[in-house]
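Q: here are the coordinates; sequence isn't available:
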Ligand SMILES: Nc1ncnc2c1ncn2[C@@H]1O[C@H](COP(=O)(O)OP(=O)(O)OP(=O)(O)O)[C@@H](O)[C@H]1O
Ligand SMILES: Cc1ncc(COP(=O)(O)O)c(N)n1
């Protein structure tokens, strides 16, 4: 059985964070494990509070999972603070993890900081060089590079700059760019690939970023190459968005049990 590990924050509302990741792993038939970095009191309207897990206990969880079960691929999401980023990087290096997807989660859709700016440098310097794929959205790509991103051309430039910090592939997600298509840019140091799907006019979008990166991770765990994993993850997400539900009073949630993904059978 293929195995994937998520290192992320808990979203009590169940739409984003490690809950989204584990639902995605299960839907794609990958055995999921989790290391919790922070517990958020969160719902579809926003983040009401958080309790960060001490870095030494994040390390202990990593030892428990990687020392016994192992992982064919690993994803990081909300890492909460610089000390946790550094601890995670040290442990992933120690266990020789090479299929690593880093989703640089900085701010929740509601505007709440999930990783303070003081930790961004540590993320770039210690975690990006270990990553197979980094998946910033437009805001994160702007914060990382200092560029203002208004077009696909700007997305390509941001991807090239982020690639210089060491990941093998960069996906800049264009979900927040206006237009009839939702376009993502993949850069591997040489080639630029463009992934596009029709923009869905729906508001059940809580956790799209987490789900996209988790689907890439699950597909990498199953042995797909990065461009194939990105294309298939985008299709998985599109179907989960279409099947989404108006849970709660804010941004509704994706639905991971749609009957459409039978093409992903083992
Ligand atoms: N309205 C939409 N219709 C179709 N696909 C979308 C839409 N919005 C985003 N996507 C796709 O969803 C994925 C996540 O993109 P997005 O840029 O929204 O990431 P994010 O900002 O990290 O997620 P979140 O919005 O959950 O914070 C990308 O593949 C993007 O193209
Ligand atoms: C614990 C946790 N991790 C990640 C996100 C980002 O998800 P979104 O950008 O959809 O709010 C979140 N809201 N909560």
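A: Received, thanks. Model, not experiment: these values are computed from the prediction. Ligands and ions are numbered 1, 2, ... in the order given.

Q: which parts of stretch 209-224 are buried?
A: Using 16 or more other Cβ atoms under 10 Å as the test for burial, stretch 209-224 gives 209-222, 224. In this view, the C-beta of every residue, glycine as well, is placed from N, C-alpha and C.

Q: relative to residue 106, how far out is the closest residue to residue 9 other than its chain neighbours?
A: For residue 9, the nearest residue in space outside its immediate sequence neighbours is residue 78; the separation is 3.5 Å by Cβ to Cβ, 6 or more residues apart in numbering. Counting by Cβ to Cβ, to the nearest Å, the gap between residue 78 and residue 106 amounts to 9 Å.

Q: on that earlier part again, show the pLDDT at the residue nearest to residue 9.
A: Confidence at residue 78, expressed as pLDDT, is 98.

Q: assign it to helix, strand or coil.
A: Using DSSP: H, G, I helix; E, B strand; the rest coil, the three-state assignment for residue 78 comes out as coil.

Q: so what's it up against?
A: Remark: with contacts taken as Cβ atoms under 8 Å, 6 or more residues apart in numbering, residue 78 is in contact with 8, 9, 17, 37, 38, 40, 105, 114, 115.

Q: what's the neighbour count on the closest residue to the last one other than its chain neighbours?
A: This points to residue 115. Residue nearest to residue 115 in three dimensions, not counting chain neighbours: residue 106, with 5.2 Å by Cβ to Cβ, 6+ apart. The local packing of residue 106 (other Cβ atoms under 10 Å) involves 20 other residues.

Q: and residue 106, how far from ligand 1?
A: Taking Cβ to the nearest ligand atom, to the nearest Å as the measure, residue 106 falls 10 Å from ligand 1.
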